[in-house]
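A.B. asks: predicted model, plus sequence, below.
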Amino acid sequence: MEERTSIRHQMVGLSMRVVLVAILLSTGATLGLTLMEEYRHMEENLTDLSMLLSRTPVVRGAMRSEEQGALLNALLVEMVEDVESVDLVAAADAGGTVRYAPDAALVGAQLPEEAVSVLREGEEVCIRSGGLVADTERGAYAAVREEDGTLIGVVFAGMYRRSVAQLVVRTVLQFLCVAAAAAVVAGGLAVQRSKRIKKALLGHEPDAFARLFLQRQDILEALEEGILAIDRDSRVIYLNAAAARMLSIGREQAVGKLLREVYPCSTMDRILQTGRPEYNVSLESLKHVRVLSDRVPIREGKEIAGAVGIFRNRTEVTRLAEDLTGVRHMVDALRAYTHEFMNKLHVILGLLQLGETQKAQQYIMDTTRIQQEAVGRITRCIRDPSVAALLVGKASHCAELGIRFTLDGGSSLTAGGSLPPEACITLLGNLIENAADCLNQSPREEKEITVAILEEDDSLLVCVEDNGPGIAPDLKSQMFQPGVSTKGKDRGTGLALVREVVEAYRGQIRVESEPGMGTSFFVTFRRKAEKEEG
């Protein structure tokens with residue numbers, strides 16, 4: 001009983017709300033038009049009555065002589081009693097002073113000068129708000145003229161505000177009665193409709209279906225894995241946002257179309273023939289991302305009704321793993337070092353081809369000496385081979401970009417020191433790369449990056465400074481958040497990884513930046529604090 005009542009209440013409530021809104025909108029519009037029509041009809045009655053009286057010989061005679069005044073007063077009383085939409089009638093002289101009215105208290109009152117002046121200017125009738133008494137809503141003024149057109153009087157016909165209010169109330173009540181009858185009929189129809197819907201839903205609650213559908217939809221949309229489903233005819237029946245993004249397929253255009261039309265390179269439809277699931281299939285057709293796919297058949301009983309593909313994007317995971325382990329920074333360092341070495345070989349080859357053997361020999365000796373000094377300074381200060389290799393590579397990369405790279409002479413780092421090598425590589429690699437990116441976009445002619453690594457018995461200080469454009473004030477508070485970057489899409493992970501390393505090893509980071517002057521990152525780690533925490 002409770003379930004049936006719930007369904008009925010929901011459907012009746014919904015239907016009644018829709019019907020009532022429709023009734024209210026239509027009734028409101030019709031009521032407004034009806035009241036406007038009644039108001040216009042009232043003005044027409046006032047205008048017709050005032051003009052009719054103004055052309056009556058009795059009125060003209062009373063304006064000329066008071067002998068017909070009693071007859072005119074009787075006529076005015078009769079008009080007020082017989083004409084439904086008129087509450088007040090009066091006759092005034094050419095100056096606007098009332099001389100005849102059903103209510104003797106109004107004799108001697110003054111009509112509005114604005115209305116009388118309009119009649120003096122030649123108009124036969126005019127309509128104005130207000131009138132002879134304060135309670136008048138609307139009044140019509142008609143000119144009483146001699147045969148030659150001379151204004152000898154004014155006839156006024158008006159209606160009280162309370163009469164207009166009664167008209168509005170009466171009209172509204174009529175429409176409310178009609179709306180109530182329509183609501184009763186709509187309620188009965190809604191009850192019948194709710195029974196049919198309940199029968200069509202096999203006795204289940206409609207909101208339960210909606211809730212389950214929305215929950216599953218939200219779950220599928222929230223997944224980082226892409227999901228694509230096809231029916232037995234290889235038509236796309238579902239595509240979540242992640243799959244659309246990985247496969248570069250428009251969701252609205254894909255659903256309902258054949259799989260080969262929206263993704264020609266797909267082989268997922270072969271599951272419909274084989275009926276066997278496939279796992280960890282690499283999608284070679286996608287060049288911009290690394291995607292692995294699982295394909296599983298959808299069965300209805302023993303028959304295959306379709307297939308679903310689950311896509312896992314490994315691009316971001318691979319890139320983050322390279323950043324965390326320092327592999328990407330080491331690869332970049334080796335690439336830059338190799339590039340610089342090839343440039344020097346080309347210079348030597350060119351000198352030899354020109355026959356400048358002595359110059360080639362001198363160039364080799366100078367280059368060797370400079371390289372030995374630069375590498376020797378780094379290796380003397382930095383005892384950890386992987387960190388030293390990173391700094392050598394970064395120095396070569398900066399040289400390619402026209403940036404002067406300097407390792408502070410007082411720097412020192414022992415092998416197996418305060419931080420693991422991979423943590424040092426992640427920290428230094430991202431800070432140096434961030435500084436190089438900022439300087440590469442700067443118009444400054446002299447670009448410099450200075451790195452200092454100071455290791456003591458109980459602490460480690462890493463400092464990376466540049467003379468770039470500085471950090472905008474509005475970015476300082478959020479520059480360590482993932483995805484925050486001024487370098488475009490798919491950037492903003494470097495400083496976030498720096499923050500993760502600092503938090504993981506209980507360090508502290510301080511940033512000093514001045515627009516146009518440069519930026520300094522100071523990272524401090526203390527061994528005592530780390531041991532106490534351990």
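C.D. replies: Great, that's in hand.
A.B. asks: from now on I want contacts and neighbour counts done on CA atoms only, so please keep to that.
C.D. replies: Will do.
A.B. asks: so what's the residue nearest to residue 446 when sequence neighbours are not counted up against?
C.D. replies: In space, and not counting its chain neighbours, residue 446 is closest to residue 403: 7.5 Å by C-alpha to C-alpha, 6 or more residues apart in numbering. Contact partners of residue 403, counting by C-alpha atoms under 8 Å, 6 or more residues apart in numbering, are 436, 439, 446, 447, 448, 449.
A.B. asks: just curious, which of those is nearest to residue 251?
C.D. replies: Closest approach between these and residue 251, by C-alpha to C-alpha: residue 436, at 39.8 Å.
A.B. asks: and the closest one, what is it in contact with?
C.D. replies: 398, 403, 449.
A.B. asks: just put those residues in CSV and tack on pLDDT and distance to residue 29.
C.D. replies: Output for those, formatted as CSV (pLDDT from 0 to 100; distance: C-alpha to C-alpha, whole Å):
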residue, pLDDT, distance to residue 29
398, 84, 75
403, 88, 75
449, 91, 74
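A.B. asks: among those, which lie within strands?
C.D. replies: residue 449 (DSSP state E).
A.B. asks: centre-most residue in the protein?
C.D. replies: Nearest to the geometric centre of the chain sits residue 241, at 17.9 Å (C-alpha atoms, centre = their mean).
A.B. asks: where's that one relative to residue 250, distance?
C.D. replies: 9 Å (C-alpha to C-alpha, to the nearest Å).
A.B. asks: any buried residues in the helix or strand harbouring residue 253, and which?
C.D. replies: Using DSSP states H and E, residue 253 sits within helix 251-254. For helix 251-254, burial by neighbour count (16 or more other C-alpha atoms under 10 Å) applies to 251, 254.
A.B. asks: show residues contacting it.
C.D. replies: Taking C-alpha under 8 Å, 6+ apart as the rule, helix 251-254 contacts 236, 239, 240, 241, 244, 262.
A.B. asks: buried residues in stretch 236-245, which are they?
C.D. replies: Neighbour-count burial for stretch 236-245 [16+ other C-alpha under 10 Å]: 236, 237, 238, 239, 240, 241, 242, 243, 244.
A.B. asks: thought the first one was touching residue 260?
C.D. replies: Spelled out, that is residue 236. No - Residue 236 is not in contact with residue 260 according to C-alpha atoms under 8 Å; the separation is 9.6 Å.
A.B. asks: where does the stretch 1-150 of the chain have low pLDDT?
C.D. replies: 1-12, 14-16, 19 (pLDDT under 70).
A.B. asks: mind doing that once more with 50?
C.D. replies: 1-4 (pLDDT under 50).
A.B. asks: for it, which segments are assigned as helices?
C.D. replies: For the stretch 1-150 of the chain, the helices defined by DSSP state H, counting those that start in this stretch occupy 2-54, 57-64, 69-82, 113-120.
A.B. asks: on contacts alone, who are the packing partners of the longest one?
C.D. replies: Where contact means 3 or more C-alpha pairs under 8 Å, 6 or more residues apart in numbering; DSSP states H and E, helix 2-54 is packed against strand 125-129, strand 136-145, strand 151-160, helix 161-200.
A.B. asks: next, the angle from it to helix 69-82.
C.D. replies: Relative orientation of helix 2-54 and helix 69-82, computed by axes from the mean of the first three to the mean of the last three C-alpha atoms, to 10 degrees: 160 degrees.
A.B. asks: which residues sit against stretch 101-110?
C.D. replies: So stretch 101-110 is contacted by 73-74, 76-77, 88-91, 96-100, 132 (C-alpha under 8 Å, 6+ apart).
A.B. asks: excluding chain neighbours, what is closest to residue 88?
C.D. replies: Leaving aside its sequence neighbours, residue 88 sits nearest to residue 158 (C-alpha to C-alpha, 6+ apart; 5.1 Å).
A.B. asks: my bad, should have said residue 145
C.D. replies: Per C-alpha to C-alpha, 6+ apart, closest to residue 145 is residue 151, 4.5 Å.
A.B. asks: quick check: the one you found vs residue 91, distance?
C.D. replies: 13 Å.
A.B. asks: quick one: which of the two has more around it?
C.D. replies: More crowded of residue 151 and residue 91, by other C-alpha atoms under 10 Å: residue 91, with 31 against 19.
A.B. asks: surely the more buried one is in contact with residue 77?
C.D. replies: No - contact between residue 91 and residue 77 fails when scored by C-alpha under 8 Å: they sit 11.9 Å apart.
A.B. asks: tell me the SS of the closest residue to residue 507 other than its chain neighbours?
C.D. replies: Nearest non-adjacent residue to residue 507, counting by C-alpha to C-alpha, 6+ apart: residue 525, 4.5 Å away. Look at residue 525: counting by DSSP: H, G, I helix; E, B strand; the rest coil, its state is strand.
A.B. asks: can you redo the helices and strands packed on helix 2-54 as a markdown table with distance to residue 510?
C.D. replies: Shown next, in a markdown table, are the helices and strands packed on helix 2-54 (distance: least, C-alpha to C-alpha, whole Å):
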| stretch | distance to residue 510 |
| --- | --- |
| strand 125-129 | 76 |
| strand 136-145 | 77 |
| strand 151-160 | 81 |
| helix 161-200 | 65 |
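A.B. asks: weakest of those in terms of mean pLDDT?
C.D. replies: Here the lowest mean pLDDT among the helices and strands packed on helix 2-54 goes to helix 161-200, at a mean of 74.
A.B. asks: in that helix, what's buried?
C.D. replies: Those buried within helix 161-200 under the rule 16+ other C-alpha under 10 Å are 161, 163-164, 168, 172, 175-176, 179, 183, 186-187, 190-191, 193-195, 197-198.
A.B. asks: then stretch 494-511?
C.D. replies: Here stretch 494-511 shows 494, 495, 496, 497, 498, 499, 500, 501, 502, 505, 507, 509 as buried, counting by 16+ other C-alpha under 10 Å.
A.B. asks: over to stretch 516-528?
C.D. replies: 518, 519, 520, 521, 523, 524, 525, 526, 527.
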